[in-house]
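Student: Coordinates only, no sequence provided:
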């Protein structure tokens, strides 16, 4: 087992449109996968509304509990974009015009006079924040403390995140294997529990599926330690064979 | 504005597979839409891992803060299915065999001897819980207090939820309209903020989109009061026309 430090993260999805069901979140899965590749483990996600008190309270709770917080949503020009104001309040600082952000917007819109009061909101960031660049639509996100504030539109969020690559401290990434057991999980459960007991350092997940009327199970093993991962995976293959099945390696998904 | 009581809910998605990015959550959007139709407003969602302490702590926090809690995931037969145990612990009761659940499983698997120790886990529920039936794969969910515990597999969760229809107290459903403004939100933001100020009881959301290289904005109005909804929507249409656009009614999504 690796003894390197484990880095943890919480994802905060900010937006009424997710809570109403209008918009399906696409950011959590992308963030979770990417951050894991960088050695940062997402331990919790929350979806919260565009309500200042809720954002302030939640940000202060999770930034104390995790190494990193990544937020998506609420950084546009309209009245419902209150993320920057709320994060500033959470940190007890003012939300001010960031000169570099203003310069970016002036360039993008073609003159200071084109940056109307609404667009000027997107040039604001909490005092002391540094920008997270937005190669798609220019209006930047920002980092303050351990909180990374990004757009909600998936393509913009993904590009902002890509710009953080190599800049965040992380540990060993978690590696995973997946075995399609081709049988219901109720048959495997006892043996699988025994393997989990022998490999407390490996996270073993069992995910039933039903495809074309066939009930099967995907068994997913996760750990940062490749040797332990391979050993646990081999035991799982053996278990599946013992129960009369044919274990098939599959993409983790 | 309606003066009927507002009923609130929190969704808890329990499962490492969402936090690792392996599985994209599909339950939040379905739950949010369905519950709103029943007059219950989803105010927060959390995704948490298969870790007992975290589940216990989170359930106890959110069941005190919201009228309803709906959980998905972790009620299968394997070692990582710890939701029922954890919910029992949160309520300070034992997780016991529920006679009706056992009868269902015995019928489904074709005899008591086919209900092995792993499958017997699915016959358990916290003392005092009542079952939530599962027409898809039989193993039931349950309700205890204001916490509704359902499967993580979307088709099973959706069927379990359907069985709760008409059984949950709710208020007026929130109605929504959506206008495609066909122009960037930065142009609309100032006027939109003024409308929001005149309609503090209507939740007005602005969602930029980019389709086929065209930048537009969907404006979504939400409230339980139909007259106020229509009045706010008409003002939004007028605003879009004033800014030189052509407001198009669209499905809320």
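Tutor: Noted; the coordinates are in hand. Keep in mind that what you see is a predicted model, and the values were worked out from it rather than measured.
Student: Only C-alpha atoms from now on, for both contacts and neighbour counts.
Tutor: Fine.
Student: Could I get the phi/psi values of residue A:114?
Tutor: Torsion angles at residue A:114 (phi, psi; degrees, to the nearest 10) stand at phi -80, psi -10.
Student: do stretch A:33-42 and chain B meet?
Tutor: Yes. Residues of stretch A:33-42 contacting chain B under CA under 8 Å from any CA of the partner chain: A:33, A:36, A:41, A:42.
Student: Would you map the helices across the stretch 51-200 of chain A?
Tutor: Counting by DSSP state H, counting those that start in this stretch, the stretch 51-200 of chain A has helices at residues A:52-65, A:83-91, A:99-109, A:117-121, A:154-162, A:185-198.
Student: counting contacts, what elements does the fourth one pack onto?
Tutor: If I follow you right, that is helix A:117-121. Helices and strands touching helix A:117-121, as assessed by 3 or more CA pairs under 8 Å, 6 or more residues apart in numbering or on different chains; DSSP states H and E, comprise helix B:185-198.
Student: Contact residues of the stretch 1-150 of chain A facing chain B?
Tutor: Looking at chain B, the residues of the stretch 1-150 of chain A close enough under CA under 8 Å from any CA are A:16-24, A:26, A:28-33, A:36, A:41-49, A:77-80, A:116-119.
Student: okay if I get the helices of the stretch 51-200 of chain A as TSV plus mean neighbour count and mean pLDDT?
Tutor: Converted to TSV, those look like this (neighbours: other CA atoms under 10 Å in any protein chain shown; pLDDT from 0 to 100):
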stretch	mean neighbour count	mean pLDDT
helix A:52-65	16	98
helix A:83-91	22	98
helix A:99-109	17	97
helix A:117-121	20	95
helix A:154-162	19	97
helix A:185-198	18	96
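Student: Looking at those helices, spot the one closest to residue A:222.
Tutor: helix A:185-198 (11.3 Å; CA to CA).
Student: Can you list the helices and strands that the closest one packs against?
Tutor: On a contact count with 3+ CA pairs under 8 Å, 6+ apart, helix A:185-198 meets strand A:203-211, helix A:226-242, helix B:117-121.
Student: As CSV, those with distance to residue B:150 would be great.
Tutor: Listed next are the helices and strands packed on helix A:185-198 as CSV, based on distance: least, CA to CA, whole Å:
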stretch, distance to residue B:150
strand A:203-211, 15
helix A:226-242, 28
helix B:117-121, 15
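Student: out of the ones you listed, nearest to residue B:184?
Tutor: strand A:203-211 (42.6 Å).
Student: Just the mean pLDDT for that closest one, thanks.
Tutor: On average, the pLDDT along strand A:203-211 is 92.
Student: got the angle between the helix or strand just after it and helix A:226-242?
Tutor: Downstream of strand A:203-211, the first helix or strand assigned by DSSP states H and E is strand A:214-223. Relative orientation of strand A:214-223 with respect to helix A:226-242: 160 degrees, computed using axes from the mean of the first three to the mean of the last three CA atoms, to 10 degrees.
Student: Just the buried residues of strand A:214-223, please?
Tutor: Residues of strand A:214-223 classed as buried by neighbour count (16 or more other CA atoms under 10 Å in any protein chain shown): A:216, A:217, A:218, A:219, A:220, A:221, A:222, A:223.
Student: and it, which strands flank it?
Tutor: Using DSSP bridges, strand A:214-223 pairs in its sheet with strand A:175-180 (antiparallel), strand A:203-211 (antiparallel).
Student: Return the most buried member of these.
Tutor: Counting by mean count of other CA atoms under 10 Å in any protein chain shown, strand A:175-180 has the highest mean neighbour count of the strands paired with strand A:214-223, with a mean of 21.
Student: Can you tell me what sits against it?
Tutor: Contacting residues not belonging to strand A:175-180 are listed as A:216-226, A:229, A:233, A:236-237, A:247-252 [CA atoms under 8 Å, 6 or more residues apart in numbering or on different chains].
Student: same question for that strand, mean pLDDT?
Tutor: Averaged over strand A:175-180, pLDDT sits at 96.
Student: How far off centre is that strand?
Tutor: The chain centroid and the centroid of strand A:175-180 are separated by 20 Å under CA atoms, centre = their mean, to the nearest Å.
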